[in-house]
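>>> predicted structure and sequence below. I'll ask about it afterward.
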Amino acid sequence: MSQVTYTELEGFPIRWAYGQAMPIEEEKIVSTEPKTWSVSTTPSTQIQNPNTGLDNDVYASNMIAQIFNAPSSAVKVTGIQLYGRKVGSPPNPLQVEVRTVRQATAWEMIIDVVAVPQSAQSYVVRALVWAYQSFTLTSTCKVMMISFYVSKTGSPPDLVVEVRPASNDIPGSTIIASYIIPASQIGTSFTPYNLTLNPPLELPAGQYALVFHTLNNGGDSSNYYLIPFATGNPYPGGLIGYSNNGGSTWSSHSSFDAILSIAVESGSVTVPAELVLASASIAPGSVGTSNAWINITLSTPIVLRPNETYALIIYTLQGDSGNKYVIQHGAKSLSAPARYLITFNSGGTWISSSERNISFRIDGVQYTRLYSGSRSPPFTRAPASPILVLFIYAQTSTSMEFAGFDDYTLAAAPVSSTATSQTKIIVLAATNRRDRNPGNITQISWEIWAAGSGLATKAGTQAYAYYNKTPVTPRDFGFSELYLIQARGVDAGSIAIINDHFAGILYFASPGDTFIPPSMFRVPIKKIHVMQGRITFDLLGVL
């Protein structure tokens, strides 16, 4: 870039205020229709799966999640209940988070038999007494994990799990794959054993059988395994059966199935994202050792956007198989897109089932909608998004609560007021989080919801430009070249990376810290990526 061009642009920087909102119009009254409402603010269960019975271990990298959809009304979430218990002495609190969601490749449970395991409904595995479960694949699959319930009595030898071809629900003699599970890894009460196949087992379409027997046909009437089953033929693609002569002949039961799941490599499914909208925890001392509903209160409630999809994450730090939390799940009661997910590597790989739901309740208050509308987005210079500030004039004889959403709002902070005369109340502020990406829109919509009781006389909006795009490039501003002349950190610890080079990183230790390049060495910008905090950049552009 020539010095002449540079001189012409000096003093006319483009300001990119990342993470900040700036007004671009005056306030506008959009409705003068009076509204009255009376909605109880006493929390009650709003979203739930009451079904229980099956355990999930929660400790260290073992986490569980529930994808759920918010109802058609805005809901203020005040607490979360989970059905479960603690085992031993977990070293850290049980954590719950409400997060955003994303699409990702996951493992999908294509066979998922849900039931409460009972000793009276089990097949014995010992010596020449074997058990099996047949299953059917309708297409070629990469089997990633086999999960089944099992318990041991006494000191049996190691358990062997084989994959064999099957015909008419009877195992064949060919062994496709064989896995040995140490007896030390199986407990004396029914718990799921998760057998991860590494490498994955690729199987073409057809019928197969999982065969269970002891190593070298060891064990006796005092040392054996139990494989529980569910009644009523819950899995129509296979049957459970047994052999009393080490697999020479087999018998099956037409209305029983082993309590198991088979996970295969899947395409894109809805899984939890990293963005946390709300969080809460409960100390180990407040969780009992017998199954019960565990009440976890949100110290800072949030209001969920109607009809939006969210993820509930349940985890704890550290712990082990003897010091953990156990949270139950059961048969699904929520409709799509709800699904249950588990992970054994802190979310690196999610295993998904649309046939189960975590045993949970979301408590809160369902709001009523007062005002709504839409408008053409006002002009904003790239890379900003047009957001709306929402306000209302209202009064109450007791108390009232509000929540506002524009197209960029995923979860809102509730706003309360006890004003006894008509008062202007900011329902959605410019500083409130905007975590939703509506894509390219020609109309920006908005809604105002309320609980408690009150009288509103009018509502209004004000357009702001919200500079939240990262990274940015010269094209985002309509220029062929950009030069950085100054950057200021608004938040302590703000970080930006220049041109993808960590050598060009800007770090602002304290609010107000400024970076000014030497006048003859302005930084040429190809890309700026803000990693953390809010930063204001002054840039010079060349057309």
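Ah, there it is.
>>> could you chop the protein up by domain?
The chain breaks down by automatic domain parsing into domains covering 3-19+468-542, 21-41+366-467, 115-258.
>>> export these as JSON lines, with columns for mean neighbour count, distance to N307 and mean pLDDT.
Where C-beta positions appear, they are placed from N, C-alpha and C, glycine not excepted. Shown next, in JSON lines, are the domains of the chain (neighbours: other C-beta atoms under 10 Å; distance: least, C-beta to C-beta, whole Å; pLDDT from 0 to 100):
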{"stretch": "domain 3-19+468-542", "mean neighbour count": "16", "distance to N307": "23", "mean pLDDT": "85"}
{"stretch": "domain 21-41+366-467", "mean neighbour count": "18", "distance to N307": "11", "mean pLDDT": "95"}
{"stretch": "domain 115-258", "mean neighbour count": "17", "distance to N307": "31", "mean pLDDT": "95"}
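>>> can you say which of the ones you listed is nearest to S346?
Nearest to S346, of all those, is domain 115-258, at 15.0 Å by C-beta to C-beta.
>>> can you give me the end-to-end distance of the closest one?
9 Å (C-alpha to C-alpha, to the nearest Å).
>>> any chance you could map the helices in the protein?
Assigned by DSSP state H, the helices in the chain fall at 3-9.
>>> re earlier: now the domains of the chain in JSON lines, with distance to T100?
Output for those, formatted as JSON lines (distance: least, C-beta to C-beta, whole Å):
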{"stretch": "domain 3-19+468-542", "distance to T100": "15"}
{"stretch": "domain 21-41+366-467", "distance to T100": "6"}
{"stretch": "domain 115-258", "distance to T100": "25"}
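>>> quick one: closest of those domains to I313.
domain 21-41+366-467 (14.6 Å).
>>> correct me if wrong: S222 contacts G154.
Yes: when contacts are counted by C-beta atoms under 8 Å, S222 is listed as touching G154 (4.8 Å).
>>> quick one: contacts for the residue nearest the centre of the chain?
Per C-alpha atoms, centre = their mean, the C-alpha nearest to the average position across the chain is that of P272, at 2.6 Å. Taking C-beta atoms under 8 Å, 6 or more residues apart in numbering, we find P272 in contact with 65, 67, 99-102, 311, 313, 341, 347, 350.
>>> nearest to K526, of the residues you listed?
Using C-beta to C-beta, these come closest to K526 at R102, 27.2 Å.
>>> tell me the bridge partners for I64.
Beta bridges link I64 to I314, I342, judged by DSSP bridges.
>>> strands of the stretch 101-250 of the chain, residue ranges please.
122-125, 130-137, 141-153, 159-167, 170-171, 177-181, 191-203, 206-214, 224-231, 240-243 (DSSP state E, counting those that start in this stretch).
>>> surely I313 and I67 touch.
No: in this structure, I313 is not within contact of I67 by C-beta under 8 Å, at 10.4 Å.
>>> neighbour count winner among those two?
I67 (25 against 19; other C-beta atoms under 10 Å).
>>> the more buried one reaches E308, doesn't it?
No: judged on C-beta under 8 Å, I67 makes no contact with E308 at a distance of 11.5 Å.
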